[in-house]
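Participant: would you be able to build a 3D model of this:
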Amino acid sequence: MDFLPAYEFQKCVSRYRGDHKVQNFSCRDQFLSMAFAQLTYRESLRDIETCLKSIGSKLYHMGFRSKVARSTLADANELRDWRIYADFAQILIAIARPLYASDPIDVDLNQSLYALDSTTIDLCLSLFPWAKFRQHKAAVKMHTLLDLHGNIPTFIHITEGNVHDVNILDEFFPEAGAFYVMDRGYIDFERLYVFTLCSAFFVVRTKENVLLQRRYSHPVDKTTGVRSDHTVILTAFDSAKVYPDSLRRVSYLDIATKKRLKFLTNNFVLPAFTIAQIYKCRWQVELFFKWIKQHLRIKAFYGTSENAVKTQIWIAVSIYVLVAIARKRLGLENSLYQILQIFSITSLEKVPILEVFEGFDSQSELLDNSNQLILFDL
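Facilitator: So this is what the prediction gives:
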């Protein structure tokens, strides 16, 4: 918890009056309780209450200033504005990104590279009637823009399950000079043209029904898997009206799966093979979703209201980023999975973190857990 910027956290609390007329169990106590639940994999509010009561005096040294009761924690999750923790997560993200800015990625690219995608978190319709998805099913979507330098989420938007992915392109402003890689669910040429106007670049997999006319063909090295590199224009009237500029279409054959993939981009400078490599990096956001669902509590929730669900997701994101910050500042070579596993049983030990990892052979342990996803691997 020493890595938490306490002053910035209190600014977020004051912004939304989180501690207004609160005598006991402040927003900080709520955050610590939920952080404890994330780090130690607690199953329920009763589980959190029982475990925290069992450690007695250690709570004060951890930062708690009030006793934790499940009814109090439930009320806090229900009533205190989730935006407190959303804003605080953004502060932690702003701290973490420079720490990982120089980390290598799997493509030779000097510019920033982001992957945009969403994951659906299934819910019970009778318990979460506000999260509309299908006739007999509820869900929320977690739309994420992932900075591939270190796999740090830079933008997260939580919506009902029936919100289409393409609408999220309206929620953030593209960074000039950066590359954004997306799947074909994000094809909307009016929205994609905003990237061009902002001097940003996109790489998106095209759909079969997109009508294109080839203008120029460029030579390619077919030994790399690239089959064609064309300059094209949109021929459908509605599409050409909202995206009047030329596009580049790269066709690539995946040797392993024998599957042909076609990409559209507004970048005409990079080699065609590099465009294919950029799209391949999109898989990192899929691994990110799978990882946090496996190792953080974002599939089972401690409350059923929209506020409680968003509060829990944002605190889970904060813990993910907080551990990433601690890993970098302490110079740990262990994977994030290993660090979380060790923290789960040592989070209340009164010893420096570095002492916990002394003599721990991270590389040998990686072999024993080869079926686990490894993010932040050096």
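Participant: and the longest helix for this protein?
Facilitator: helix 306-329 (DSSP state H).
Participant: buried set for it?
Facilitator: For helix 306-329, the neighbour count (16 or more other Cβ atoms under 10 Å) marks 306, 308-328 as buried. Backbone N, C-alpha and C define where each C-beta goes, glycine included.
Participant: could I get the pLDDT score of the nearest residue to Gly150 once chain neighbours are set aside?
Facilitator: Nearest in space to Gly150, with sequence neighbours left out and distances taken as Cβ to Cβ, 6 or more residues apart in numbering, is Tyr100 at 2.5 Å. Per-residue pLDDT puts Tyr100 at 91.
Participant: how about Gln372?
Facilitator: In this model, Gln372 carries a pLDDT of 49.
Participant: how many neighbours does Tyr16 have?
Facilitator: Neighbours of Tyr16 under the rule other Cβ atoms under 10 Å: 17.
Participant: that older thread, quick one: mean pLDDT for whichever helix or strand comes after the longest helix of the chain?
Facilitator: Using DSSP states H and E, the helix or strand that follows helix 306-329 towards the C-terminus is helix 336-346. Here helix 336-346 scores 83 as its mean pLDDT.
Participant: now helix 336-346 and helix 306-329, what's the angle there?
Facilitator: On the basis of axes from the mean of the first three to the mean of the last three Cα atoms, to 10 degrees, helix 336-346 is oriented at 100 degrees to helix 306-329.
Participant: tell me what the very next helix or strand once past helix 336-346 is packed against?
Facilitator: Using DSSP H and E, the helix or strand that follows helix 336-346 in sequence is helix 353-357. Packing contacts for helix 353-357, counted by 3 or more Cβ pairs under 8 Å, 6 or more residues apart in numbering; DSSP states H and E, involve helix 336-346.
Participant: for this structure, which spans come out with low pLDDT?
Facilitator: 359-378 (pLDDT under 70).
Participant: centroid-nearest residue for it?
Facilitator: Of all residues in the chain, the one closest to the mean position by Cα atoms, centre = their mean is Pro153, 3.9 Å from it.
Participant: against Gln23, how distant is that one?
Facilitator: 35 Å (Cβ to Cβ, to the nearest Å).
Participant: what of Arg15?
Facilitator: Counting by Cβ to Cβ, the gap between Arg15 and Gln23 amounts to 21 Å.
Participant: can you pull out the strands in this protein?
Facilitator: Secondary structure of the chain (DSSP state E): strands at 113-123, 132-134, 137-147, 152-160, 179-182, 201-205, 212-217, 226-234, 247-254, 259-265.
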